[in-house]
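J.: curious how this folds, go ahead:
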Amino acid sequence: MQRLPRRYTTYALSLLALAVSLVGLASAPSWAWGLATLVFGGLAILGSHDLLQRRHTVSRNYPITAHLRYLLESFGPEIRQYFIQRDTEEVPFSREQRSLAYRRAKGTLDKQPYGSLRDMQAPGYEWMNHSLAPAPIQGHDFRVSVGAGRPRPYAASVFNISAMSFGALSANAISALNDGARRGGFYHDTGEGGIAPYHRRGGDLVWEIGSGYFGCRDGEGRFDAERFRDAATDDAVKMIEIKLSQGAKPGHGGILPGAKVTAEIAATRGVPAGREVISPASHGAFATPRELIGFIQRLRELSGGKPVGIKLAIGHPWEWFAMVKAMLAEGEHPDFVVVDGGQGGTGAAPLEFINRLGMPLTEALLLVHNTLVGAGLRERVRVGASGKVISAFDIARTLALGADWCNSARGFMFSLGCIQARTCHTDRCPSGVATQDRRRGSRLDIPLKAERVARFHDRTLEGLAEMLSAAGLAHPGELGPEHIIRRVSRHEVRSLATLFDFVAPDELNEGGACRHAVFSDFWDASDADSFAPPASLARLRQSRLV
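T.: Numbering: from 1, shown residues only. Now for the predicted structure:
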């Protein structure tokens with residue numbers, strides 16, 4: 001007789017207990033025997049089902065017991081986040097970072113006792129040097145002029161709300177963000193989902209135009225100039241941003257199932273209610289770098305002279321070089337470029353896209369800044385940056401590497417009460433931020449959260465002002481890579497000015513060899529008339545296909 005495997009012990013005990021319970025219930029009926037029968041009967045049925053089903057091998061091998069594993073696994077992220085992870089472990093944001101955002105948003109004490117939790121001897125640790133001659137603090141409402149010389153320039157704060165669409169975030173979350181932007185005097189990027197009624201609470205708007213042209217499209221999904229003009233000339237819209245790609249899923253389009261296209265979302269996006277909506281991976285209004293520059297000029301004219309820029313996550317460097325060459329060839333340029341880091345973001349995306357596709361913010365920002373400097377365009381084109389920016393040091397570091405201002409998405413989500421549950425894609429956000437479930441989203445108190453959004457912005461810039469003062473600086477524009485120091489190893493530290501290569505003004509226009517490898521490899525071969533790879537790469541690819 002074959003011996004019963006030990007892994008079946010729980011199932012065998014449940015059958016034995018059920019038999020005893022049935023005998024007890026039959027001989028001396030009572031609620032206790034009845035309850036025992038129900039409990040052990042349920043376990044016996046579950047175990048029998050596990051043995052008979054074929055989808056889960058673990059359940060067939062470990063009837064009943066396997067479900068304990070599944071239960072613990074389902075709580076794994078929460079267990080690690082709340083009980084196991086260190087305060088400084090950034091996955092994706094550390095408890096220290098989240099706590100800082102919460103405290104600043106609530107206006108509670110944001111100081112920390114008993115010293116740093118960071119290992120300052122660990123390679124990669126960064127800090128900002130201070131001065132023996134601190135500068136007096138002259139307020140912290142730091143501004144950057146965008147579109148200088150245009151009919152409708154805009155003075156942007158150095159810290160703003162990054163692109164998050166209505167549809168990705170709840171109606172109450174969008175309302176609170178916009179109201180907070182109004183109170184704090186900074187801008188709110190609409191995301192590519194169009195301008196919703198919830199964006200109309202008085203905050204400055206940057207209208208993001210994606211490949212779906214939501215809010216300015218015709219019945220076939222093509223760009224509609226008249227619809228664009230009607231919305232872009234609204235006083236609330238301060239700038240126009242053409243989204244070429246995003247850090248969460250660069251080079252990836254999207255499909256919004258018809259079931260999710262409610263009447264409200266349909267009206268916001270300018271699409272039929274209840275029908276599937278497709279966002280192509282690329283734009284239909286232009287196909288070459290020169291056509292992109294022409295599209296930028298067209299939007300500027302249609303909007304009445306408001307600043308128009310582009311947002312992109314950097315991928316192939318020759319495509320970015322081709323855009324800059326088109327700016328030089330056409331004698332025109334975007335008023336700003338927002339660089340989105342490839343670390344993922346609020347939108348759900350395939351794991352490979354989040355982890356392995358797109359250039360991280362530091363490298364992308366350096367490439368954009370260096371190219372514009374080398375092409376002689378940096379003084380005319382402002383640069384924004386977005387990607388895990390949450391603290392005053394994050395802002396200072398990013399500005400030191402070449403940005404003029406920073407945007408934050410998840411930082412402002414924390415100010416709304418986001419707990420990093422990482423359920424944004426399930427429509428079951430516990431904090432009512434990233435959901436379209438009205439029962440969840442309606443619990444988010446708009447006036448209270450708007451106050452916290454504004455306070456988070458204010459307290460963060462106050463922290464930036466204090467850091468600048470300690471460094472002997474009066475404005476973020478004075479920051480440079482020499483102010484940020486990185487530990488390269490246990491025994492060596494270097495400033496970012498010596499750690500990275502920087503291109504000299506007009507160096508790319510002078511025809512000499514650039515010491516930066518990416519420019520020497522791809523700048524001369526890039527073409528203002530095409531996003532295609534250089535001919536040398538194309539030939540190499542073709543040879544591999546033969």
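J.: got the domain ranges for this protein?
T.: By the assignment in automatic domain parsing, the chain contains the domains 6-74, 143-499.
J.: among those domains, which comes closest to residue 105?
T.: domain 143-499 (3.8 Å; CB to CB). From N, CA and C alone the C-beta is placed, and that goes for glycine too.
J.: now that closest one: average pLDDT?
T.: For domain 143-499, the mean pLDDT works out to 91.
J.: from one end of that domain to the other, what's the distance?
T.: Length of domain 143-499, first residue to last, CA to CA, to the nearest Å: 29 Å.
J.: how distant is that domain from the center of its chain?
T.: How far domain 143-499 lies from its chain's middle: 9 Å, per CA atoms, centre = their mean, to the nearest Å.
J.: my guess is residue 44 meets residue 12, correct?
T.: No: counting by CB atoms under 8 Å, residue 44 does not reach residue 12; the two are 9.9 Å apart.
J.: so which of the two has more stuff around it?
T.: Taking neighbours as other CB atoms under 10 Å, residue 44 and residue 12 compare with residue 44 leading, 21 against 15.
J.: shouldn't that one be within a strand?
T.: No: Residue 44: not assigned to a strand; according to DSSP: H, G, I helix; E, B strand; the rest coil it is helix.
J.: mind pulling up the pLDDT for it?
T.: The model reports residue 44 with a pLDDT of 94.
J.: contacts only, for it.
T.: Shown in contact with residue 44 (CB atoms under 8 Å, 6 or more residues apart in numbering): 11, 14, 15, 18.
J.: since we're on the second one, how many residues are nearby?
T.: Think residue 14. Close neighbours of residue 14, defined as other CB under 10 Å, add up to 22.
J.: can you check the first one too?
T.: A count of nearby residues for residue 11, using other CB under 10 Å, gives 22.
J.: which helix or strand contains residue 17?
T.: Here residue 17 sits within helix 9-27, counting by DSSP states H and E.
J.: how about that helix: buried residues?
T.: 10, 11, 14, 15, 17, 18, 21, 24, 25 (16 or more other CB atoms under 10 Å).
J.: may I see those organised as a markdown table, with distance to residue 392 and pLDDT added?
T.: Putting those into a markdown table (distance: CB to CB, whole Å; pLDDT from 0 to 100) gives the following:
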| residue | distance to residue 392 | pLDDT |
| --- | --- | --- |
| 10 | 54 | 92 |
| 11 | 58 | 91 |
| 14 | 58 | 93 |
| 15 | 63 | 93 |
| 17 | 61 | 94 |
| 18 | 63 | 93 |
| 21 | 64 | 93 |
| 24 | 68 | 91 |
| 25 | 68 | 90 |
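J.: now distance to residue 194 too, for those residues, in CSV please.
T.: Compiled in CSV, those are given as follows (distance: CB to CB, whole Å):
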residue, distance to residue 194
10, 54
11, 55
14, 56
15, 60
17, 60
18, 59
21, 61
24, 66
25, 63
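J.: of all those, which comes closest to residue 72?
T.: Closest approach between those and residue 72, by CB to CB: residue 10, at 15.5 Å.
J.: which ones are touching the closest one?
T.: Counting by CB under 8 Å, 6+ apart, residue 10 has contacts 43, 47, 62, 63, 64, 65.
J.: please repeat the previous calculation with a cut-off of 6 Å.
T.: The contact partners of residue 10, taken as CB atoms under 6 Å, 6 or more residues apart in numbering, are 64, 65.
J.: gap between it and residue 39?
T.: From residue 10 across to residue 39, the span is 13 Å (CB to CB, to the nearest Å).
J.: if we can go back for a sec, closest one to residue 523 among the domains of the chain?
T.: domain 143-499 (5.4 Å).
J.: tell me the buried residues in stretch 495-513?
T.: Buried, per 16+ other CB under 10 Å, within stretch 495-513: 495, 496, 500, 502, 503, 507, 508.
J.: farthest pair in those residues?
T.: Farthest apart among these by CB to CB are 495 and 508. That separation is 24.2 Å.
J.: doesn't residue 421 lie inside a strand?
T.: No: Residue 421 is assigned coil when assessed by three-state DSSP, not a strand.
J.: tell me which helix or strand the residue lying closest to it once chain neighbours are set aside sits in.
T.: In this structure, residue 421 finds its nearest non-sequential neighbour in residue 430, 5.3 Å apart by CB to CB, 6 or more residues apart in numbering. Using DSSP H and E, residue 430 is not contained in any helix or strand.
J.: ditto for residue 311
T.: Secondary-structure assignment from DSSP H and E places residue 311 in strand 308-312.
J.: could you spell out the sheet neighbours of that strand, each with its direction?
T.: strand 237-243 (parallel), strand 336-340 (parallel) (DSSP bridges).
J.: next helix or strand past the last one?
T.: Right, the one you point to is strand 336-340. helix 351-356.
J.: okay, that next one in PDB with CA atoms only?
T.: What follows is helix 351-356, C-alpha atoms only, in PDB (Å, rounded to 0.1, in the frame of the first residue of the first chain):
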ATOM      1  CA  LEU A 351       8.000  45.800 -16.400                       C
ATOM      2  CA  GLU A 352      10.600  45.800 -19.200                       C
ATOM      3  CA  PHE A 353       9.600  49.400 -20.100                       C
ATOM      4  CA  ILE A 354       9.900  50.500 -16.500                       C
ATOM      5  CA  ASN A 355      13.200  48.800 -15.900                       C
ATOM      6  CA  ARG A 356      15.000  48.700 -19.100                       C
END
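J.: my guess is residue 66 contacts residue 59. True?
T.: Yes: with contact defined as CB atoms under 6 Å, residue 66 reaches residue 59; the gap is 4.4 Å.
J.: what touches both of the two?
T.: Residues touching both residue 66 and residue 59 by CB under 6 Å, 6+ apart: none at all.
J.: put together JSON lines for the domains of the chain, with distance to residue 531 on each row.
T.: As requested, the domains of the chain are exported to JSON lines (distance: least, CB to CB, whole Å):
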{"stretch": "domain 6-74", "distance to residue 531": "44"}
{"stretch": "domain 143-499", "distance to residue 531": "5"}
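J.: so which of these is the most packed in?
T.: Of the domains of the chain, the one with the most neighbours on average (mean count of other CB atoms under 10 Å) is domain 143-499, at a mean of 20.
J.: gap between the one helix or strand residue 101 maps to and the chain center?
T.: Residue 101 belongs to helix 95-106 when elements are defined using DSSP H and E. Mean C-alpha position of helix 95-106 versus that of the full chain (CA atoms, centre = their mean) differs by 18 Å.
J.: OK, contacts around residue 137?
T.: 465, 469.
J.: one more: residue 326?
T.: Residue 326 neighbours (CB under 6 Å, 6+ apart): 289, 290, 293, 528.
J.: what's in contact with the host helix or strand of the third one?
T.: In this structure, residue 293 sits in helix 289-302 according to DSSP H and E. Residues lying outside helix 289-302 but in contact with it, judged by CB under 6 Å, 6+ apart, are 225, 228-229, 240, 285-286, 308, 322-323, 326, 330, 332, 334, 528-529.
J.: quick one: which of these is nearest residue 270?
T.: Of the contacts of helix 289-302, the one sitting nearest to residue 270 (CB to CB) turns out to be residue 228, at 10.5 Å.
J.: you'd agree the closest one is in a helix?
T.: Yes: assigned with three-state DSSP, residue 228 falls within a helix.
J.: looks like it contacts residue 216 (just checking).
T.: Yes: between residue 228 and residue 216 there is a contact under CB under 6 Å: 3.7 Å.
J.: returning to that earlier point: tell me the two of the contacts of residue 326 that are most distant?
T.: With distances taken as CB to CB, the most widely separated pair in those is 293 and 528, at 8.7 Å.
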